[in-house]
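In: Here you go, sequence then predicted model.
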Amino acid sequence: MDRKADGKRSGIGPVVAASHLADGAMPALSEMEYALVILGNAYQRWIARCCSAAGGEGLSSIEVQILHAVNHRSRDKSQAELCMMFNIEDTHVVAYALKKLQALGLVESGRRGKEKTARITREGAELCLRYRALREKLLVESAATLGLDESRISEIAALMRVLSGQYDQASRAAASM
């Protein structure tokens, strides 16, 4: 790709899926949105395939994410906490994931007052450890060879979390129109 001295691409516009959206005041946002779409799809595919290779066949990416979240810090999690953690509006998605994980013996239900909670089982924790080992071998080792600056990756992650708030606010505004 031909680049100018200032690092910008010359001769072509931003890499986007919808050029009509990039024609506005902030084309870089359209470029980032497209990158998020393809990164998100690759990430979801990776999660499900890594879990399957670790022995958790048939789990969707959200079910794997819920499993890891329930395992996080060995503390029971409520459905509401899991929805908030992943910014999931449709509580049925989390309820279904928990039900499936429980049926597979990977999580078990508990109570915190009147609130139903989920906790990891020994089998669920072992699956998470096998997933982690595969992730280290297949993804982390490979990504480490790219020479990426970990502090820069953290900065990008922080920016993505900040932008999620902008999208949420714009979503609320659109819903009120």
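Out: Yes, it's here. Numbers count the residues shown, from 1 in each chain.
In: Give me the buried positions along the helix or strand that contains R135.
Out: If you go by DSSP states H and E, R135 is part of helix 122-135. With burial defined by 16 or more other Cβ atoms under 10 Å, the residues of helix 122-135 counted as buried are 124-125, 127-128, 130-131, 134-135. Just so you know, the C-beta spots here come from the backbone N, C-alpha and C atoms, and that holds for glycine as well.
In: A helix includes R111, no?
Out: No: membership of R111 in a helix is not supported by DSSP: H, G, I helix; E, B strand; the rest coil, which gives strand.
In: Dump the buried residues of helix 122-135 into a markdown table; add distance to K116 and pLDDT as well.
Out: Putting the buried residues of helix 122-135 into a markdown table (distance: Cβ to Cβ, whole Å; pLDDT from 0 to 100) gives the following:
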| residue | distance to K116 | pLDDT |
| --- | --- | --- |
| G124 | 17 | 98 |
| A125 | 20 | 98 |
| L127 | 22 | 98 |
| C128 | 21 | 98 |
| R130 | 27 | 98 |
| Y131 | 25 | 98 |
| L134 | 31 | 98 |
| R135 | 30 | 98 |
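In: Closest one to M160 out of those residues, please.
Out: Of all these, M160 sits closest to R135, with 19.8 Å by Cβ to Cβ.
In: right, and that closest one touches I47 too?
Out: No: taking Cβ atoms under 8 Å as the definition, R135 is not a contact partner of I47, at 9.4 Å.
In: Many thanks, we can stop here.
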